[in-house]
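> Show me the folded form of this:
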Amino acid sequence: MPENVPGQGQSVPGAPAYAPQPGAVPQGHFDPVVPGQPQPQAAYQAPSAPTGQPVFAPTPAAPAVPVAQPVVQRQPLMPQSQPSASMPPVPGQVPGGYVPAGQPVAQPQQPALPPQAPQAPQAGSAPQAGLAKPSMVKHSAQPGPARVGMSNEVRGDDLDLGTALRALLKAGGSDLHLTVGAPPTIRVDGGLTPLEGYGKLGGDELQRVIYAILTQKQREDFETELELDLAYSLVGESRFRVNVYMQRESIGAAFRVIPYEILPLETLGIPQVVGTFAGLPRGLVLVTGPTGSGKSTTLASVIDMANRSRADHIMTVEDPIEFLHKHKKSLVNQREVGTDTWSFANALKHVLRQDPDIILVGEMRDLETISVALTAAETGHLVFGTLHTQDAAQTIDRVIDVFPAHQQDQIRVQLATALQGVVCQTLCKRADGPGRAVATEVMVATSAIRNLIREGKTHQIYSSMQAGQKQGMHTMDQHLANLVKAGKISYETGLEKCHHTEEFNRLSGRAGGTTQGATLAGGSM
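Residues are numbered from 1 along each chain as shown. The predicted structure is shown next:
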């Protein structure tokens, strides 16, 4: 160490001797802190003065504290408080078994853990045991998964989903239902029946089975929304449209069969006039009907017909993607809501910049989606969409009624210009064998139909369709009557599905008359 360096034990010539500040600890000295005793505060230390200048200490605001440290008196602990090898040291106790005089003996305490931020539950993992089940109330901020304190790993004795789906296909069914407290149940020819050889499903078991087919994102979406749509495949066998839902605080799921093969319209029993819509240069075509009526199957067949006959760009927006289309003569791009786009409306906002010729909208659910679809049809694109309506007149009213009253006159004009046709359909149990037959209503937008739409006279559309067989139109009652007369469905089934009982009875010859039902364009199906 160099000699004569100020601050290293050497005095500075001409400077007064250094006196320690009150309460300051001399350099190199350590005075242990005694628990429970007030500690003296260090006095303010002025910056060092240049060499040769006196160091001035500030005048203390309070009386100076004596330099000498207080003497700590210590006394031995009471005999019963003596530490032992098996007893942990008491917090606040001085090593050696002593505490400061006059201080109470501290009691043993558990060490305090540092506060931690609440951790969000990992998606797909069950909540910890002992927590309350998640609330199903809509205003719940963070709804959770269905079951509590369980693993999502499928066990050996759980339901084999692949085996159950293959049993569905073998039986020729359309849907598989999985719900707690019931065995796996399938829908065959419109009726439900439990799968043989399966017991009732438990809540924990069913959640493990369903969660095993979900991605991490799908689990997170389901735990947030308590609803989920997705597509699932048995490779080389079939695809399925899946809806996962909650019921009575337990998980449930429905699987709808989607064949890999897209059947032609004539095999499905759809009138030939529907196939002509695939060749239109522009306009709006709507396929409607209740849930499970085969709308997706019909649209897939129409799109496949366009794919095989036109060199165009086909864009589909679906939730989820059901039938898979290969690139044939056309280029086909299929977008799935939730995976490839956020919503139908969001996808349609940008679809016109993607150079489409044909656009398929899986569901026209809201004003924005319908508005963009109408605009696309007006600007030279062929647009196909679906609605859950029962007949052609109701379909037109539904589209118009979505808009505010002050816009409806304008929408009537737009729809009268853009609409090319409406196909309504339903499925009926066959009387001549297993399976179901499709019954349809077809409206073609002739000049007379367009005038009725423009003038708001949709109630007269039914009469125009009755008289429009030359243009390929027919009503649901006409088609049902033809199916009854052909022996494909029973009279009772037709009566259940018809829209006008008297008209159906007259056409089917059950009203005491001999009037024969009209023969549909393209055959009786």
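
> From Val317, how far off is Val372?
Distance, Val372 to Val317, by C-beta to C-beta, to the nearest Å: 11 Å. Using the backbone N, CA and C atoms, a C-beta is placed for each residue, glycine as well.

> Look at those two and report which has more neighbours.
Val317 (26 against 23; other C-beta atoms under 10 Å).

> Can you name the residues bridging to the more buried one?
In this structure, Val317 bridges to Arg335, Val361 when assessed by DSSP bridges.

> helix, strand or coil for Ser301?
Classification of Ser301 using DSSP: H, G, I helix; E, B strand; the rest coil returns helix.

> Surely it touches Leu268?
Yes - with contact defined as C-beta atoms under 8 Å, Ser301 counts as touching Leu268 (6.2 Å).

> which of those two has more neighbours?
Under the neighbour definition other C-beta under 10 Å, Ser301 and Leu268 were set side by side, and Ser301 has more, 22 against 19.

> how near is the more buried one to Gly494?
For Ser301, the distance to Gly494 equals 24 Å [C-beta to C-beta].

> swap in Asn346?
From Asn346 over to Gly494 the distance is 42 Å, taken as C-beta to C-beta.

> same question, Asp401
As judged by C-beta to C-beta, Asp401 and Gly494 stand 30 Å apart.

> Looking at these two, which has the bigger crowd around it?
Neighbour totals were compared for Asp401 and Gly494, and Gly494 leads with 27 against 11 (other C-beta under 10 Å).

> Chain neighbours aside, what residue packs nearest to Ala182?
Spatial nearest neighbour of Ala182, chain neighbours left out: Lys200 (6.0 Å); criterion: C-beta to C-beta, 6 or more residues apart in numbering.

> And for Gln354?
Using C-beta to C-beta, 6+ apart and skipping the chain neighbours, the partner closest in space to Gln354 is Met315 (6.1 Å).

> Could you say which helix or strand holds that neighbour?
Secondary structure from DSSP states H and E places Met315 in strand 313-318.

> ok, and for that strand, which residues are buried?
By 16 or more other C-beta atoms under 10 Å, the buried positions in strand 313-318 come out as 314-318.

> Stretch 225-239 too?
Across stretch 225-239, burial judged by 16+ other C-beta under 10 Å covers 226, 228-232, 238-239.

> How about residues contacting it?
With contact meaning C-beta atoms under 8 Å, 6 or more residues apart in numbering, stretch 225-239 is reached by 136, 143, 162, 165-166, 169, 213-214, 218, 221-222, 240-246, 255, 257-260, 319-324, 336, 338.

> Any regions of this protein where pLDDT drops low?
Within the chain, the segments meeting pLDDT under 70 span 1-156, 511-525.

> how's it carved up into domains?
By the assignment in automatic domain parsing, the chain contains the domains 161-258, 265-508.

> Deepest-packed of those domains, please.
Counting by mean count of other C-beta atoms under 10 Å, domain 265-508 has the highest mean neighbour count of the domains of the chain, with a mean of 19.

> what about it, how long is it end to end?
The first and last residues of domain 265-508 sit 25 Å apart, counting by C-alpha to C-alpha, to the nearest Å.

> Next, show the common contact partners of Val372 and Val317.
Jointly contacting Val372 and Val317 under the rule C-beta under 8 Å, 6+ apart are 348, 351.

> Report all helices and strands that the strand holding Met315 contacts.
Contact here means 3 or more C-beta pairs under 8 Å, 6 or more residues apart in numbering; DSSP states H and E; on that basis strand 313-318 packs against helix 295-309, strand 331-336, helix 344-351, strand 358-361.

> residues making contact with stretch 494-506?
Outside of stretch 494-506, the residues within contact range by C-beta under 8 Å, 6+ apart are 390-391, 426, 428, 439, 475-477, 480-481, 483-484, 508, 511, 513, 515.

> Same check on stretch 368-385?
Stretch 368-385 is contacted by residues 277, 280-287, 299, 302-303, 306, 344-345, 348-349, 351-352, 356-361, 363-364, 399, 402-403, 411, 414-415, 417-419 when judged by C-beta under 8 Å, 6+ apart.

> ok so, going back, quick check: angle from the strand holding Met315 to helix 295-309?
Comparing the axes of strand 313-318 and helix 295-309 via axes from the mean of the first three to the mean of the last three C-alpha atoms, to 10 degrees yields an angle of 170 degrees.

> Kindly check the end-to-end length of stretch 338-350 for me.
Its start and end residues considered, stretch 338-350 measures 16 Å (C-alpha to C-alpha).

> Among the contacts of stretch 494-506, which are located in strands?
Judged by DSSP state E, the subset of the contacts of stretch 494-506 located in strands is 426, 428, 439.

> Same list (those) but as CSV, adding distance to Ser490.
Shown next, in CSV, are the ones in strands among the contacts of stretch 494-506 (distance: C-beta to C-beta, whole Å):
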residue, distance to Ser490
Thr426, 15
Cys428, 9
Ala439, 13
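
> Among the contacts of stretch 225-239, which ones are in helices?
Mapping the contacts of stretch 225-239 onto helices (DSSP state H) picks out 162, 165-166, 169, 218, 221-222.

> Of these, which is the nearest to Ser490?
Set against Ser490, the nearest of the ones in helices among the contacts of stretch 225-239 by C-beta to C-beta is Leu169 (26.8 Å).

> sorry, back to before: and which of the buried residues of strand 313-318 is nearest to Thr446?
Thr446 lies nearest to Ile314 out of the buried residues of strand 313-318, by C-beta to C-beta, at 26.8 Å.

> quick one on the thing from earlier: in JSON lines, list the buried residues of stretch 225-239 along with secondary structure.
Formatted as JSON lines, those follow (three-state DSSP):
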{"residue": "Leu226", "secondary structure": "coil"}
{"residue": "Leu228", "secondary structure": "strand"}
{"residue": "Asp229", "secondary structure": "strand"}
{"residue": "Leu230", "secondary structure": "strand"}
{"residue": "Ala231", "secondary structure": "strand"}
{"residue": "Tyr232", "secondary structure": "strand"}
{"residue": "Ser238", "secondary structure": "strand"}
{"residue": "Arg239", "secondary structure": "strand"}
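
> what two of those are the furthest from one another?
The most widely separated members of the buried residues of stretch 225-239 are Leu226 and Ser238, with 27.2 Å between them, by C-beta to C-beta.

> would you turn the helices and strands packed on strand 313-318 into JSON lines with distance to Thr379?
Output for those, formatted as JSON lines (distance: least, C-beta to C-beta, whole Å):
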{"stretch": "helix 295-309", "distance to Thr379": "19"}
{"stretch": "strand 331-336", "distance to Thr379": "19"}
{"stretch": "helix 344-351", "distance to Thr379": "11"}
{"stretch": "strand 358-361", "distance to Thr379": "11"}
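
> Nearest to Asp204, out of these?
That would be strand 331-336 among the helices and strands packed on strand 313-318, by C-beta to C-beta, at 30.2 Å.
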